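>>> This is a predicted model, with the sequence first.
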Amino acid sequence: MLIAVLLAPVALFAQANNVVVIDTAITACDSITMPDGITYDSTGIYVSQKGDTVFILDLTIGHAVNHVNPTPITAGCSYVWGDTTVYTTGTYTQTFTSTTGCDSIVTQIINIDTVQYRTIDSVACGSLNFYDSLYTVSGTYQHRALVNDCPNVITLNLTVRNPEQKVGYRNYTSCDRFTEEIFRAGNDRFYLRNIRESLDTNTDAFVNIAASHHNTGVTNVFRPRTMKACYDSTLHIHVTINKSFNEQMDVTHCGPVTLTIGEKEYDFYYTTRDTIRVDSTAKGCDSNVVVNIRVFEVPSVFIEGNTMLTPGQSTTLTATSPNSNISYKWAWAGETSNESSITLSNLQSNVDVALMGTSSVNGCTDTARVTVFCNVGIEDMEKHGLKIYPNPAANLVSIDGDHAMRSIAVYNVSGQQVAFINHPERHNVINVEEFSNGTYAVRILFADGTVSTSSMIVSK
């Protein structure tokens, strides 16, 4: 029998007449015998006196307990009870110490099941990975494993469903690069990332390109199988990458210029630098074209002189220009001249004359053209059945002919064309209200290639 004695601090009290009081608190198991030979077995406060000393005893008595637990404990391959680990079935006794220092004896029945058996029924799509083993055929399979150091026998009753084969097709078009989530299944996502070139691929050889590189890598196929959607999916993917462009156009031109940029035309009338955003051949890619345009002034040249002659007459034509630093070059009837004027002598037929003026400042040119007419007169008109009436005219002039005509052209005295009719009819009308008063040459080209020249007068 264990006896535990707990001594509390002793309290001493000095009393009158030199009496000393000693107060002591003690805890004991079952009973305690004090130094004076007295045995106590119950809780209480006991007072005794010896001479001038009074002893006060505050006593707490505890009792030992013997307990048999009627409910067995069932465990796996081991069970920790108190300070003992139990590995076999049996009745076990454990001594515990109470707060009063008394020994308590507890008896317990512990049942140990050395082997655990479990059965799992499962239906899988295509295959099932079970404890690191891949099963693709229906059947019953057993697996032995240690679970918390205890042997376990697991029986798998497996039914395998054959997945349905599904094929899909997707086409994507993008500008310069392409990144998109193709599909997701649960927490898994399927991406095409940063594609920079057109490609054809599928989920059995999937392309995953790093964000900062052009190198192509291949990852494993992802097949989203579930029992609700038991299938193998192959997704054929076609990505078309259209390229944007950034370019610079440097253009030097004499006079206004029209440029085709992308699919539009742009007119430039003066020297400028401009950035134009265009669509690259309607492929949806924004592109930039920087245009540097230098537009030079085009000189103006004119021909002055009489261009209405009768056969045998002569005329002098003079080149004029409002611009300075101009050089001239004439061309007529197989002849050329660099002088500022030319003389055409004893003309018997019409002569086409061209004058080109070139600026020595920027190299730009301008060309003036005139026709010097030798009127063949009334006989030529009668030969072709031509009639020009009224002549003189103030508003409308009619031109009729018996023969098929290709064109009718009207020229002023400077040889400049002021009216033109292509493929005229037998009867034609020209409005001369805006013409200045004067004599005009009428040049008619017939279907057989012959030419007739006559004159008309505008008088208002």
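Nice, I can see it.
>>> tell me the centre residue of the chain?
Phe178 (5.5 Å; Cα atoms, centre = their mean).
>>> is it true that it touches Asn242?
No - using Cβ atoms under 8 Å, Phe178 is not in contact with Asn242; the gap is 10.1 Å. The C-beta positions use only the backbone N, C-alpha and C, and glycine is treated the same way.
>>> ranges for the strands of the stretch 151-300 of the chain?
In the stretch 151-300 of the chain, the segments counted as strands under DSSP state E, counting those that start in this stretch are 164-175, 178-185, 188-195, 199-202, 206-207, 218-219, 231-242, 246-254, 257-261, 264-268, 272-279, 286-296.
>>> ditto for the stretch 301-450 of the chain
Taking DSSP E, counting those that start in this stretch as the criterion, the stretch 301-450 of the chain carries its strands at 302-304, 308-309, 315-320, 326-332, 335-337, 341-344, 351-359, 365-374, 387-389, 396-400, 405-411, 417-422, 427-431, 438-446.
>>> got TSV for those, with mean neighbour count too?
Below are the strands of the stretch 301-450 of the chain laid out as TSV (neighbours: other Cβ atoms under 10 Å):
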stretch	mean neighbour count
strand 302-304	18
strand 308-309	20
strand 315-320	18
strand 326-332	17
strand 335-337	12
strand 341-344	17
strand 351-359	19
strand 365-374	19
strand 387-389	15
strand 396-400	18
strand 405-411	19
strand 417-422	14
strand 427-431	14
strand 438-446	19
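>>> Going by mean pLDDT, which of those comes out lowest?
Across the strands of the stretch 301-450 of the chain, strand 308-309 has the smallest mean pLDDT, namely a mean of 80.
>>> Show me what it is packed against.
Applying 3 or more Cβ pairs under 8 Å, 6 or more residues apart in numbering; DSSP states H and E, we find strand 308-309 packed against strand 365-374.
>>> which other residues reach the strand it packs on?
Residues from elsewhere that reach strand 365-374 (Cβ atoms under 8 Å, 6 or more residues apart in numbering): 254, 298-303, 307-311, 313, 315, 317, 319, 344, 347-359, 411, 414-416, 441, 443, 453, 455.
>>> how does it look with 6 Å?
298-303, 307-309, 311, 347, 349-358, 411, 415, 441, 453 (Cβ atoms under 6 Å, 6 or more residues apart in numbering).
>>> Could you measure from the residue nearest to the centre of the chain over to Gly305?
70 Å (Cβ to Cβ, to the nearest Å).
>>> got it, and Tyr92?
Taking Cβ to Cβ, one finds Tyr92 at 141 Å from Gly305.
>>> who has more neighbours, those two?
Between Tyr92 and Gly305, Gly305 has the larger neighbour count (other Cβ atoms under 10 Å), namely 19 against 16.
>>> Spit out the contact partners of that one.
Per Cβ under 6 Å, 6+ apart, neighbours of Gly305: 315-318.
>>> mind redoing it with 10 Å?
Contacts here follow Cβ atoms under 10 Å, 6 or more residues apart in numbering; on that basis Gly305 touches 315-319, 341-344, 353, 370, 372, 413-415.
>>> roughly how far out does stretch 357-375 sit from the chain middle?
In terms of Cα atoms, centre = their mean, to the nearest Å, the centre of stretch 357-375 is found 56 Å from the chain centre.
>>> repeat for stretch 269-276
The answer for stretch 269-276 is 31 Å, by Cα atoms, centre = their mean.
>>> Check stretch 90-106 too.
76 Å.
>>> for stretch 388-397, same thing?
71 Å.
>>> hang on, isn't Thr336 packed against Val353?
No - the pair Thr336 / Val353 is not scored as a contact, 11.0 Å apart, by Cβ atoms under 10 Å.
>>> Identify the contacts common to these two.
Both Thr336 and Val353 are contacted by 330, 342, under the criterion Cβ under 10 Å, 6+ apart.
>>> where are the low-confidence patches of the stretch 201-350 of the chain?
201-229, 231-235, 245, 279-284, 286 (pLDDT under 70).
>>> Met356 is in contact with Ser321, isn't it?
No - under the criterion of Cβ under 10 Å, Met356 is not in contact with Ser321, lying 11.3 Å apart.
>>> Which neighbours do these two have in common?
Residues touching both Met356 and Ser321 by Cβ under 10 Å, 6+ apart: 301, 328, 366, 368.
>>> out of these, who's nearest Arg144?
Arg144 has its nearest neighbour among the shared contacts of Met356 and Ser321 in Asp366, at 104.0 Å by Cβ to Cβ.
>>> First-to-last residue distance for stretch 107-119?
With Cα to Cα, to the nearest Å as the measure, the first residue of stretch 107-119 is 35 Å from its last.
>>> buried residues in it?
108, 110, 112 (16 or more other Cβ atoms under 10 Å).
>>> contacting residues around Ala447?
Counted by Cβ under 10 Å, 6+ apart, Ala447 has contacts 403-406, 423.
>>> if you set the cut-off to 6 Å instead, what comes out?
404, 406.
>>> which one of the shared contacts of Met356 and Ser321 is nearest Asn246?
Distance to Asn246, by Cβ to Cβ, is smallest for Asp366 among the shared contacts of Met356 and Ser321, at 36.7 Å.
>>> gap between the closest one and Tyr131?
To Tyr131, Asp366 is 95 Å away according to Cβ to Cβ.
>>> do the same with Ser138
For Ser138, the distance to Tyr131 - Cβ to Cβ - is 18 Å.
>>> For the closest residue to Gln248 other than its chain neighbours, give the beta-bridge partners.
Closest residue in space to Gln248, ignoring its immediate chain neighbours: Val290 at 4.5 Å, by Cβ to Cβ, 6 or more residues apart in numbering. In this structure, Val290 bridges to Gln248, Thr275 when assessed by DSSP bridges.
>>> Find the nearest non-adjacent residue to Ser407, please.
Leaving out its chain neighbours, the residue that sits closest to Ser407 by Cβ to Cβ, 6+ apart is Leu445, at 4.8 Å.
>>> I'd say the one you found and Arg406 touch.
Yes - contact criterion Cβ atoms under 6 Å: Leu445 and Arg406 qualify, at 4.5 Å.
>>> What count of nearby residues applies to Thr275?
By other Cβ under 10 Å, the residues close to Thr275 number 10.
>>> My guess is it contacts Asn292. True?
No - using Cβ under 6 Å, Thr275 makes no contact with Asn292, being 10.5 Å away.
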